[in-house]
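>>> Sequence unavailable; structure follows:
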């Protein structure tokens, strides 16, 4: 039985890899989606990226304190550009305007108004920008107060000496436990697209091939052979599993070489999750091929089911940014189990033992649906 099942698997893989649609959705479209979705969602939910830019307008008579303001703002993680005219200032997303005679006014202890504006809507990111700019400005004010002499005068040298002095109070920041930052950009798009497209190819190409073979009478010929029903299903499943593993391997290779994805320290468990996910997707493709009556039904239902499961399971966006009820609902879906396991292993560093329940759920689902695929398999 195993020899005949292996022959069926090889024949199905050879046929599928000759189809342009399979090649398109297995090798071409996933990298396109990696780049497009990863670029669009880079920084989504506060993820890392390049330093935010800010334009500082400092008139010629602003004095040396303007340079000190710029240095303080750079310490807050901004990429600072000095404004050279109104056009640059108007086009800036974040703007800090220093008044004329800035240093002289501070030295004379006159009230000084520093204006910060942003084109972003009010939100957490905008509030964070305001806090960092305020820290920089108040830091300059504190430096002026501390470095001033008894008469209230100060100079650049005094402020520089203050900056070089060791701080008697220091704050050490370190990570407590596993990373909790939500994966964004390519860290989300590469695993999510890989999981989604594996399911998409299995539920379309894998299912429609069964419908074609049934309609053309090819499965009836297999029914006349001594191979039992479960042997035929095993061969069909093996061919689809091999194609899914090729797709997953290619996606991981592209993600590593071109999108610099680090797959984490628990690579054996990661591979085990993806192996069982490929097995489950292959079973789902056979099950859909058993239920569909026409090629149009198999393709339409496959596209619809794969997109719905991908969206609800966290393949399109990190499920961690959704409401709690949606995160709980995702853990009832196979895509949700897989994506949650990948996030734990790749992004959160939770360790291999944390995804044992996910692996067991995928294995049980594969066995149950595999039994259903055997029971519903039709030769005609």
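Alright, I've got the coordinates. What you see is a predicted model, and the numbers here were worked out from it, not measured in a lab.
>>> how about the strands in the protein?
With DSSP state E as the definition, the chain shows strands at residue ranges 53-57, 79-82, 94-97, 115-118.
>>> care to break the chain down by domain?
Here the domain assignment for the chain is 2-42+186-376, 49-164, based on automatic domain parsing.
>>> the helices in the stretch 1-150 of the chain, which residues?
2-17, 20-23, 29-40, 64-75, 86-91, 102-107, 124-147 (DSSP state H, counting those that start in this stretch).
>>> so which of those gets nearest residue 286?
When these are compared for distance to residue 286 using Cβ to Cβ, the nearest one is helix 2-17, at 10.6 Å. Backbone N, C-alpha and C define where each C-beta goes, glycine included.
>>> Now do that closest one: which elements does it pack against?
Contact partners of helix 2-17 among helices and strands, from 3 or more Cβ pairs under 8 Å, 6 or more residues apart in numbering; DSSP states H and E: helix 207-215, helix 229-258.
>>> still on that earlier bit, ranking the domains of the chain by mean pLDDT, which is last?
Averaged per stretch, pLDDT over those is lowest on domain 49-164, reaching a mean of 80.
>>> Can you tell me the closest non-neighbouring residue to the residue nearest the centre of the chain?
To find the centre residue of the chain, average its C-alpha atoms and take the closest one (Cα atoms, centre = their mean): that gives residue 188, at 1.1 Å. Residue nearest to residue 188 in three dimensions, not counting chain neighbours: residue 318, with 5.2 Å by Cβ to Cβ, 6 or more residues apart in numbering.
>>> Distance check, the one you found against residue 272.
23 Å (Cβ to Cβ, to the nearest Å).
>>> Same drill for these two, tell me which one is more crowded.
Comparing residue 318 with residue 272 by neighbour count (other Cβ atoms under 10 Å), the higher total belongs to residue 318, at 22 against 18.
>>> Tell me which residues touch the closest residue in space to residue 228 that isn't next to it in sequence, please.
If the residues on either side of it in the chain are set aside, residue 228 comes closest to residue 1, at 6.7 Å by Cβ to Cβ, 6+ apart. Contacts here follow Cβ atoms under 8 Å, 6 or more residues apart in numbering; on that basis residue 1 touches 227-228, 231, 234.
>>> Please tell me which one of those counts the most neighbours.
With neighbours taken as other Cβ under 10 Å, the top of these is residue 234, carrying 21 neighbours.
>>> Please name the residues that touch that residue.
The neighbourhood of residue 234, defined by Cβ under 8 Å, 6+ apart, consists of 1-2, 5.
>>> For those, give me CSV that also has distance to residue 277.
Written out in CSV, the entries for the contacts of residue 234 read as follows (distance: Cβ to Cβ, whole Å):
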residue, distance to residue 277
1, 26
2, 24
5, 21
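>>> ok, back up a step: just put the helices of the stretch 1-150 of the chain in a markdown table and tack on distance to residue 299.
Compiled in a markdown table, the helices of the stretch 1-150 of the chain are given as follows (distance: least, Cβ to Cβ, whole Å):
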| stretch | distance to residue 299 |
| --- | --- |
| helix 2-17 | 14 |
| helix 20-23 | 9 |
| helix 29-40 | 16 |
| helix 64-75 | 55 |
| helix 86-91 | 47 |
| helix 102-107 | 67 |
| helix 124-147 | 42 |
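>>> Distance check, the residue lying closest to residue 286 once chain neighbours are set aside against residue 282.
Spatially, and ignoring its direct neighbours in sequence, residue 286 is nearest to residue 373 (4.5 Å; Cβ to Cβ, 6+ apart). Residue 373 sits at a distance of 9 Å from residue 282 (criterion: Cβ to Cβ).
>>> Over to residue 298?
When residue 298 is compared with residue 282 (using Cβ to Cβ), they lie 15 Å apart.
>>> One more: residue 25?
To residue 282, residue 25 is 15 Å away according to Cβ to Cβ.
>>> in the stretch 201-350 of the chain, which spans are helices?
207-215, 218-223, 229-258, 267-291, 295-313, 324-330, 334-342.
>>> In TSV: the ones you listed, plus distance to residue 170.
Putting those into TSV (distance: least, Cβ to Cβ, whole Å) gives the following:
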stretch	distance to residue 170
helix 207-215	62
helix 218-223	73
helix 229-258	38
helix 267-291	38
helix 295-313	45
helix 324-330	38
helix 334-342	38
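>>> Out of those helices, which is the most enclosed?
For the helices of the stretch 201-350 of the chain, the stretch with the most neighbours on average is helix 334-342, a mean of 26; neighbours defined as mean count of other Cβ atoms under 10 Å.
>>> which outside residues touch that helix?
The list of residues contacting helix 334-342 from outside it, by Cβ under 8 Å, 6+ apart, reads 191-192, 195-196, 199, 270, 273-274, 277, 280, 309-310, 312-315, 319, 329-331, 355, 358-359, 361-362, 365.
>>> do the same with stretch 129-140
With contact meaning Cβ under 8 Å, 6+ apart, stretch 129-140 is reached by 52, 54, 65, 68-69, 72-73, 75-78, 94, 96, 114, 116, 118, 120.
>>> Next, the buried residues of it.
Neighbour-count burial for stretch 129-140 flags 129, 132-133, 136-137, 139-140 (criterion: 16 or more other Cβ atoms under 10 Å).
>>> and these as JSON lines, adding distance to residue 261?
As requested, these are exported to JSON lines (distance: Cβ to Cβ, whole Å):
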{"residue": "129", "distance to residue 261": "29"}
{"residue": "132", "distance to residue 261": "30"}
{"residue": "133", "distance to residue 261": "34"}
{"residue": "136", "distance to residue 261": "35"}
{"residue": "137", "distance to residue 261": "39"}
{"residue": "139", "distance to residue 261": "38"}
{"residue": "140", "distance to residue 261": "41"}
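>>> quick revisit: show me what contacts the residue nearest to residue 286?
Residue 373 neighbours (Cβ under 8 Å, 6+ apart): 233, 237, 283, 286-287, 290.
>>> same thing with residue 288?
Contacts of residue 288 were listed using Cβ under 8 Å, 6+ apart, and they are 203, 206-207, 298, 301-302, 305.
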